[in-house]
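A.B. asks: give me coordinates for this.
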Amino acid sequence: MKRLILALAALLALSPPTAAQPARDQVTVLLDWFVNPDHVPIIVAQERGDFTRANLDVRIVAPADPNDPPRLVGARRADLGVFYQKNLHLAVDQGLPLMRVGTLVATPLSTLTVLRDGPIRTLADLRGKRVGFSVAGFEEVTMGTMLESVGLRLSDIRLVNVNFGLSSALMSGQVDAILGGFRNFELHQLDIENRPGRAFFPEQYGMPAYDELIYITHRDRARDPVLRRFIDATEAATHFLVNNPEESWRMFIAGQRRELDNELNRRAFASTANRFSLSPGALDRNRYERFARYLADRRMIRTVPALETYAVELPPATTAR
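C.D. replies: Presented below is the predicted three-dimensional model:
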């Protein structure tokens, strides 16, 4: 027995020490609003272990105020934020040091919506009508662009701020149309309430196409390899989602998110899946430059900045340390 113990001790002495596992890089992601099906790739990447495999410890935070992400990211109080391409142009023009580093939802979601059984069949029928909106900033330029396509002007309608009660304002008759409702949410909500809607899509009435939801960071982190690993992890999760929608849904409603298991979110999940970017790290230069010119032409921003000052493709990821 003594000889056996001595032999084992000798073997242990010859064995190389086990390498300590490197600490994971901490990443805080500030969502644009409460968790919903627009965020499925992030949730799936968390649940499936894509972030862990990228050696990341990701904290997902729903903001108290939807205006928080650009402010807190610009102040370096969050590593990444989920934001809107349309608003990025305005924020950069106002001096916030923000950089787009990835795309979450690669198509527009916003709509102009009316009740299907109402009197408005075409945009031209909006003359003299009330149009409700919730978030100030883009209502005039969006409506002006859409109305121009049918020979009307902004002065031909009346804009009404209904705060965040878009669907209820339309169903109650407070307004005749709502601007800004998402095609993957409000249309389903109206249908569930047995008041189906008819949507007019801005990108079909003069507005250039854009990315609805993007990832932003502070301008100083535009080449950060940690962020590239995050984007690559969400890419893997998005491809998994496309191939495995039912399993992804179960991941989305797991644990404390069980309360999200309802008819509206099920419908929204299904109609959002094909809108997520399959190449979230890729940058469509023309799309961003074209939208900047559009906003400058309408005096929403003062100048068209160089693209690399507010939108980049992150460098390829290095091996996680």
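A.B. asks: and the strands in the stretch 51-200 of the chain?
C.D. replies: Along the stretch 51-200 of the chain, counting by DSSP state E, counting those that start in this stretch, strands occupy 56-61, 80-83, 98-105, 110-115, 130-133, 158-161, 177-182, 197-200.
A.B. asks: packing partners of the longest one?
C.D. replies: Here strand 98-105 is seen to pack against helix 68-74, strand 80-83, helix 85-93, strand 213-218, helix 225-243 when contacts are counted using 3 or more CB pairs under 8 Å, 6 or more residues apart in numbering; DSSP states H and E. Quick note: C-beta positions are derived from backbone N, CA and C, even for glycine.
A.B. asks: now swap in the first one and tell me
C.D. replies: In terms of contact count using 3+ CB pairs under 8 Å, 6+ apart, strand 56-61 is assigned the packing partners strand 25-30, helix 40-48, helix 225-243.
A.B. asks: may I have the beta-bridge partners of the residue sitting nearest the centre point of the chain?
C.D. replies: Geometric centre of the chain, nearest residue: residue 213, 2.7 Å, by CA atoms, centre = their mean. Beta-bridge partners for residue 213, by DSSP bridges, are residue 105.
A.B. asks: surely it touches residue 82?
C.D. replies: Yes: between residue 213 and residue 82 there is a contact at 5.7 Å, judged by CB atoms under 8 Å.
A.B. asks: residue 71: neighbour count?
C.D. replies: Residue 71 has 17 neighbouring residues, counting by other CB atoms under 10 Å.
A.B. asks: list the contacts for it?
C.D. replies: Neighbour list for residue 71: residue 96 [criterion: CB atoms under 8 Å, 6 or more residues apart in numbering].
A.B. asks: domains for the protein, by residue range?
C.D. replies: The chain breaks down by the TED database into domains covering 25-106+211-309, 110-204.
A.B. asks: make TSV out of those and add distance to residue 318.
C.D. replies: Formatted as TSV, the domains of the chain follow (distance: least, CB to CB, whole Å):
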stretch	distance to residue 318
domain 25-106+211-309	5
domain 110-204	36
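A.B. asks: mean pLDDT added to these, as a markdown table?
C.D. replies: Shown next, in a markdown table, are the domains of the chain (pLDDT from 0 to 100):
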| stretch | mean pLDDT |
| --- | --- |
| domain 25-106+211-309 | 97 |
| domain 110-204 | 96 |
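A.B. asks: that older thread, OK, contacts around the residue nearest to the centre of the chain?
C.D. replies: The neighbourhood of residue 213, defined by CB under 8 Å, 6+ apart, consists of 32, 38, 82, 83, 84, 85, 103, 104, 105, 109.
A.B. asks: 7 Å instead, please
C.D. replies: In this structure, residue 213 makes contact with 32, 38, 82, 84, 104, 105, judged by CB atoms under 7 Å, 6 or more residues apart in numbering.
A.B. asks: residue contacts, residue 66?
C.D. replies: Contacts for residue 66 (CB under 7 Å, 6+ apart) come out as 32, 33.
A.B. asks: let's have the chain start at 42 instead
C.D. replies: In the new numbering, first residue 42, that becomes residue 107.
A.B. asks: from residue 281, how far out is it?
C.D. replies: 28 Å (CB to CB, to the nearest Å).
A.B. asks: quick one on the thing from earlier: TSV please, covering the helices and strands packed on strand 139-146 and showing distance to residue 169.
C.D. replies: Listed next are these as TSV, based on distance: least, CB to CB, whole Å:
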stretch	distance to residue 169
helix 109-115	36
strand 121-124	35
helix 126-134	28
strand 254-259	34
helix 266-284	44
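A.B. asks: with residue 84 as the reference, name the closest of the ones you listed.
C.D. replies: Nearest of these to residue 84, taken as CB to CB: helix 266-284 at 8.3 Å.
A.B. asks: got the buried residues for the helix or strand following the closest one?
C.D. replies: Sequence order places helix 286-293 as the next helix or strand after helix 266-284, per DSSP states H and E. Residues of helix 286-293 classed as buried under the neighbour-count rule (16 or more other CB atoms under 10 Å) are 289, 290, 292, 293.
A.B. asks: do you know how far residue 307 is from residue 128?
C.D. replies: 28 Å.
A.B. asks: of these two, which one has the most company?
C.D. replies: Applying other CB under 10 Å to residue 307 and residue 128 shows that residue 128 carries more neighbours, namely 19 against 16.
A.B. asks: and the more buried one, what does it touch?
C.D. replies: Applying CB under 7 Å, 6+ apart, we find residue 128 in contact with residue 178.
A.B. asks: same deal with the one 10 residues further on?
C.D. replies: The neighbours of residue 138, taking CB under 7 Å, 6+ apart as the test, are 115, 259, 260.
A.B. asks: repeat that with 8 Å
C.D. replies: Counted by CB under 8 Å, 6+ apart, residue 138 has contacts 115, 259, 260, 261.
A.B. asks: equivalent analysis for residue 236, please.
C.D. replies: 156, 158, 211, 212.
A.B. asks: and with 6 Å instead?
C.D. replies: With contact set as CB atoms under 6 Å, 6 or more residues apart in numbering, residue 236 has these partners: 156, 212.
A.B. asks: same check on residue 110?
C.D. replies: By CB under 6 Å, 6+ apart, residue 110 lies in contact with 71, 73, 122, 124.
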